[in-house]
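> kindly return the folded structure for what I paste below:
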Amino acid sequence: MTAPQIIRAPSGEELVVLPRAEYEALLERADHDAEDIDDVAIYDSRKAELAAGGVVLPPGVSAAIVRGDSRLKAIRKWRHETQLQLASKTGIGQGYLSDLESGRRTGIPETIAKLADALNVPNEWLA
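Predicted structure coming up:
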């Protein structure tokens, strides 16, 4: 690491000048730290749910959710179903299922119940 240069702006504010590679490394580290903070928040949320007697998901489903999948998508993948297979089992459109998984739409209770039944999971897992 090279020594940063400190300069004073006309307003009196001190500015730090450093090589671009070091600046980019700092940005990358900040992104990584923010991702870690997000993971800790998800973990704390799940731990609080468990303490309150909430939903207990299989570890593979929880891991997929931490990686960014929606709960519905994580459970569907855990059950080794494609969107097309699940749509066929439930009688809903594959496009609608895609919208549910992405969060573009929310399902009515009857739809959630159909999905839970087809995936053989409690309704609470999809609520």
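> can you pull the pLDDT of residue 109?
Residue 109 carries a pLDDT value of 94.
> how much space between it and residue 127?
8 Å (CB to CB, to the nearest Å). C-beta here means a position set from N, CA and C on the backbone, and glycine is covered the same way.
> residue 97 too?
Distance, residue 97 to residue 127, by CB to CB: 16 Å.
> next one: residue 37
27 Å.
> the spatially closest residue to residue 15 that is not a sequence neighbour in helix, strand or coil?
Among residues not flanking residue 15 along the chain, residue 7 sits closest, at 5.1 Å (CB to CB, 6 or more residues apart in numbering). In three-state terms, and counting by DSSP: H, G, I helix; E, B strand; the rest coil, residue 7 is strand.
> check the one 4 residues further on too.
Reducing the assignment to helix, strand or coil with three-state DSSP, the entry for residue 11 is coil.
> residue 69 now?
Recorded secondary structure, residue 69: coil (three-state DSSP).
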